[in-house]
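[1] turn this into a structure:
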Amino acid sequence: MPARLKIGKLVVIGVGLIGGSFALALRRARVVKRIAGVGRTRRNLADALKLKVIDEASREPARAVRDADLVLLATPVGQMPAVMMAIAPHLPAHAVVTDAGSTKGDVIACARRFLGGRFARFVPAHPIAGTEKSGATAAVPELFRGRNVILTPQPETAASATRLVQRAWESCGARVTRLDAQEHDAILAAVSHLPHVIAFALVGMLARRRNPGRLFGLSAGGLRDTARIAGSSPEMWADICVANRDALLAALEDYENALEEMRAAIEQSDATALRGMFEQARGAREKWLVKKQDRADGIED
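    Numbers count the residues shown, from 1 in each chain. Predicted coordinates for the structure are as follows:
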C-alpha cells in the first residue's frame, strides 16, 4: 500500500473556482500542511483568506514558490506564459508544477519554452468540472468529487511527478485518466468549448434584438438551460477559444453543417426530416448524457 500523500506547501496561482476548490479539497483530505494563494486582486485574496481557502496570500508568484512542494497554475491559459516565466528561476528542484487549463497543446508548448530544465517536473492536467461562477467565494471542496481529471504527461515527464499529481486529484475525489494532448484538445473543443461559444452567441444575439428585456422576461427553462454557461468568465473563455483555435474551428464547422441541415428541412417544411434529426439527438442524449449524469449523482444505470 503506498504511503499516505503528504504535501508540505501547496501554492495555488489563481485562487478562483478551480484553484480554490482544489485547495479546499486537499485541506479537507488532510494531505496538505500549508496553502499559499497567489492572485492579482487584493479583494479576492482577502476573501480566500477569510474563507480559509488559503493560509497566506501573495501577489508575487516568484516569491511564493520558493519553498513549494506542489504548484497549481489555475489562471486563464492566456496568463500562463507570464506566470511560468516568473516562477521558473525560483522553483525548488523537487517541486512539481501542474495546471488546470482547459487546453493542453498550447500550455505544454509554453511550459517547454519557459520552464526549461524544470519541464520534467511539469504535469499537464485538466479537471473537467466547474460552474459559471468564479472567484474564491465560489470555491467548494466537493467540486471534483466523482468528476474526471485528464492528465497529458509528456515523454520527458518524471513518473514521480505524474504520480504525485494523480494522487492529489484522487484525494479530491476525482477520477483520473490520461490522454494524448492533441486528442484532449479535439474532444474538449467539441464538448466544452463549442457549447460555450454557442451559449455566448445565443445570448448576444438576443441582447441585440429590439426590446431584449421583453424577450428575456418571457423566456422559460429552455433558454435558461441553454444560456447558463454564458455566465462564465469572458476573459477565461476568450483565452480558451484562441488557444484551441484550430480544433474549435473544426468543431464549429461540423456544428454549422448540422444547423444547415436543420435550416433546409425547416425551409422545406419537412417535418419528417426534422423529426428524424430530433429523435437521433434525443436518443444520443439519453444514451450518453443522462446516464453520465445519473452516475455522477450516484444513481445506478
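
[2] could I get the full set of helices for the protein?
    Counting by DSSP state H, the chain has these helices, from start to end: 17-28, 42-50, 61-64, 80-87, 105-115, 159-171, 181-188, 194-207, 212-217, 221-227, 234-243, 245-267, 271-284, 291-296.

[3] nearest spatial neighbour of A227, chain-adjacent residues omitted?
    Excluding the flanking residues, the one nearest A227 by CB to CB, 6 or more residues apart in numbering is V203, at 5.0 Å. Placement of C-beta: from N, CA and C, glycine included.

[4] quick one: closest of the helices of the chain to A74.
    When the helices of the chain are compared by CB to CB, helix 17-28 sits nearest A74, at 3.1 Å.

[5] contacts for that closest one, please.
    Defining contact as CB atoms under 8 Å, 6 or more residues apart in numbering, one finds that helix 17-28 is touched by 7, 10, 12-13, 15, 32, 35, 37, 48, 52-54, 72, 74, 100, 127, 129-131, 133-136, 138-145, 168, 171-173.

[6] cool, and stretch 258-276?
    M277.

[7] now the residue nearest to A227: how far from A251?
    With distances taken as CB to CB, to the nearest Å, V203 is found 19 Å from A251.

[8] among the two, which residue is more densely surrounded?
    A251 (22 against 19; other CB atoms under 10 Å).

[9] pretty sure the more buried one sits against P195.
    No. Counting by CB atoms under 8 Å, A251 sits too far from P195 to count as a contact (9.7 Å).

[10] let me see the domain layout of the chain.
    As recorded under automatic domain parsing, the domains making up the chain are 8-179, 183-296.

[11] show me the shaky parts of the stretch 1-150 of the chain.
    The stretch 1-150 of the chain contains residues with pLDDT under 70 at 1-3.

[12] ranges for the strands of it?
    7-13, 32-38, 56-58, 70-73, 96-99, 122-123, 125-128, 148-151 (DSSP state E, counting those that start in this stretch).

[13] what pairs with the second one, parallel or antiparallel?
    Right, strand 32-38. strand 7-13 (parallel), strand 56-58 (parallel) (DSSP bridges).

[14] what of the fifth one?
    Sheet pairing here is set by DSSP bridges, and for strand 96-99 it gives strand 70-73 (parallel), strand 122-123 (parallel).

[15] related to what we said a few turns ago, and the contacts of helix 17-28, which of them are buried?
    Applying 16 or more other CB atoms under 10 Å to the contacts of helix 17-28, the neighbour count classes 7, 10, 12-13, 15, 32, 35, 37, 48, 53-54, 72, 74, 100, 127, 129-130, 134-136, 138-139, 141, 143-144, 168, 171-173 as buried.

[16] returning to what we had before: need the helices of the chain in JSON lines (columns: distance to T152).
    What follows is the helices of the chain, written out as JSON lines (distance: least, CB to CB, whole Å):
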{"stretch": "helix 17-28", "distance to T152": "17"}
{"stretch": "helix 42-50", "distance to T152": "28"}
{"stretch": "helix 61-64", "distance to T152": "23"}
{"stretch": "helix 80-87", "distance to T152": "15"}
{"stretch": "helix 105-115", "distance to T152": "7"}
{"stretch": "helix 159-171", "distance to T152": "10"}
{"stretch": "helix 181-188", "distance to T152": "4"}
{"stretch": "helix 194-207", "distance to T152": "20"}
{"stretch": "helix 212-217", "distance to T152": "40"}
{"stretch": "helix 221-227", "distance to T152": "30"}
{"stretch": "helix 234-243", "distance to T152": "14"}
{"stretch": "helix 245-267", "distance to T152": "14"}
{"stretch": "helix 271-284", "distance to T152": "27"}
{"stretch": "helix 291-296", "distance to T152": "21"}
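
[17] determine which stretch of those helices is the most buried.
    Highest mean neighbour count among those (mean count of other CB atoms under 10 Å): helix 17-28, with a mean of 25.

[18] tilt between that one and strand 32-38?
    Between helix 17-28 and strand 32-38, the angle comes out at 160 degrees (axes from the mean of the first three to the mean of the last three CA atoms, to 10 degrees).
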